[in-house]
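Asks: Sequence plus the predicted model coming up.
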Amino acid sequence: MSLDPALRARIDALLQANRAVLFMKGSPDAPQCGFSAKAVSALDALGADYAHVDVLADPAIREGIKAYGDWPTIPQLYIDGDLVGGSDIILQMVNSGELHGALGLPAPDRTPPAITITPAALAMIRNALADAGGEVVLQVDVDRNFRTRLNLAPADADAITAEVDGVRVQFDIAGARRANGMTIDFADDVRGKGLVIDNPNAPRPVVQLPPTEADAKVRAGELLLVDVRPADERAIASVAVPFRTFDGDGRAELEALPKDTALAFLCHGGGRSQRAAEEFRALGFGKVHNVAGGIHAWSETVDDAIPTY
């Protein structure tokens with residue numbers, strides 16, 4: 001397709017204003033496709049400074065960038081005005097160290113992570129490798145939210161590898177650092193049957209906090225309460241203890257707090273606050289709570305003067 005001159009000028013200006021630009025679906029904090037998530041994870045693992053453009057929010061750019069670089073898919077990474085490629089090429093260049101050089105960053109740390117595989121898990125993995133045949137290894141992928149996937153994959157000369165009792169395990173650059181200290185076990189219990197992961201680097205899960213306990217902790221100064229509801233809902237019903245909101249710059253101010261700050265999120269019934277709590281957990285906050293049942297439960301168990309709606 002031909003590219004409108006005005007649109008070309010917009011893209012030119014974006015690339016001239018930023019050394020590295022990632023055209024993606026969504027934002028780095030909330031990618032809207034798996035390929036964009038892979039690209040973000042790889043760039044974040046480098047500590048790279050880059051601008052991003054959400055093509056879902058700009059249909060003209062979404063189609064125009066494909067014509068601009070004659071590249072049919074999203075995401076696309078540009079460095080110094082030149083197209084690098086999509087997520088697969090980004091990952092390859094990260095693992096080979098080429099992307100570090102292109103961005104003027106130090107060479108990557110290729111130290112293999114220290115991992116443990118229990119005897120039961122080793123037996124299962126060895127059987128899977130034997131059944132697969134060929135030059136396959138155990139691939140461990142740990143994304144920026146510490147979700148972990150185990151797959152059998154072809155051996156990759158650029159991957160970081162560890163060997164555990166004869167089983168070769170490979171990681172990409174980002175996953176290797178996130179996996180250090182990981183244990184892979186085999187379970188056949190209430191968790192199900194199969195391989196299970198224990199990663200000490202993963203953020204602690206969101207804790208469900210009863211309103212009575214949240215009230216006591218806020219009053220004792222041990223917990224910062226955040227009401228994620230909009231102002232019109234808070235006008236109907238609000239708790240009688242100090243709380244913060246997302247109004248104005250409220251969310252940015254909360255994100256700038258020390259990562260060991262104890263936070264509890266509150267909404268009407270607990271759904272929106274759970275999502276907010278998960279988002280802050282993904283940002284690295286280690287003491288994150290959701291007020292179970294929201295302000296409705298708070299009214300029933302803590303303060304019946306709070307209206308229900």
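Replies: Done, it's in.
Asks: From the recorded domain assignment, give the ranges for this protein.
Replies: Residue ranges for the structural domains of the chain, counted by automatic domain parsing, are given in the record as 5-102, 116-198, 207-301.
Asks: Check the offset of stretch 267-287 from the chain's centre.
Replies: On the basis of C-alpha atoms, centre = their mean, to the nearest Å, stretch 267-287 is displaced by 13 Å from the centre of the chain it belongs to.
Asks: which other residues reach that stretch?
Replies: Around stretch 267-287, the neighbours that count as contacts under C-beta atoms under 8 Å, 6 or more residues apart in numbering are 29-30, 144-145, 203-206, 226-229, 233, 246, 254-255, 257, 259-263, 265-266, 288-297, 309. The way it works is simple: take the backbone N, C-alpha and C, and place the C-beta from them, glycine included.
Asks: And for R244, nearest residue in space, chain neighbours not counted?
Replies: Closest residue to R244 in three dimensions, ignoring its sequence neighbours and counting by C-beta to C-beta, 6 or more residues apart in numbering: V226, at 4.9 Å.
Asks: That neighbour reaches E253, doesn't it?
Replies: No - counting by C-beta atoms under 8 Å, no contact exists between V226 and E253, whose distance comes to 10.6 Å.
Asks: out of these two, which sits in the busier spot?
Replies: Set side by side, V226 and E253 give different neighbour counts by other C-beta atoms under 10 Å, the larger being at V226 (23 against 11).
Asks: Tell me the secondary structure of that one, please.
Replies: With DSSP: H, G, I helix; E, B strand; the rest coil as the basis, V226 sits in strand.
Asks: Show the pLDDT at G175.
Replies: We note a pLDDT of 87 for G175 in this prediction.
Asks: just D198 next, same as before
Replies: According to the prediction, D198 has pLDDT 92.
Asks: Distance-wise, check the residue nearest to it when sequence neighbours are not counted relative to P113.
Replies: Of all residues beyond its chain neighbours, the one nearest D198 is T183 (4.4 Å), with distances taken as C-beta to C-beta, 6+ apart. When distances are taken as C-beta to C-beta, to the nearest Å, T183 and P113 turn out to be 12 Å apart.
Asks: ok, these two, which is more surrounded?
Replies: When T183 and P113 are compared on other C-beta under 10 Å, the one with more neighbours turns out to be P113, at 19 against 14.
Asks: Can you show me the helices along the stretch 151-300 of the chain?
Replies: Counting by DSSP state H, counting those that start in this stretch, the stretch 151-300 of the chain has helices at residues 173-179, 211-219, 231-236, 250-255, 271-282, 294-301.
Asks: Kindly apply the preceding question to the stretch 1-150 of the chain instead.
Replies: When secondary structure is read from DSSP H, counting those that start in this stretch, the stretch 1-150 of the chain shows helices at 5-17, 34-46, 59-68, 87-96, 98-102, 119-132.
Asks: and those, which is most packed in?
Replies: Among the helices of the stretch 1-150 of the chain, the stretch with the highest mean neighbour count (mean count of other C-beta atoms under 10 Å) is helix 34-46, at a mean of 21.
Asks: Quick one: work out the angle between it and helix 87-96.
Replies: Computed by axes from the mean of the first three to the mean of the last three C-alpha atoms, to 10 degrees, the angle separating helix 34-46 from helix 87-96 equals 20 degrees.
Asks: re the thing from before, reformat the helices of the stretch 1-150 of the chain as TSV; add distance to L195.
Replies: Below are those laid out as TSV (distance: least, C-beta to C-beta, whole Å):
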stretch	distance to L195
helix 5-17	44
helix 34-46	22
helix 59-68	39
helix 87-96	23
helix 98-102	31
helix 119-132	6
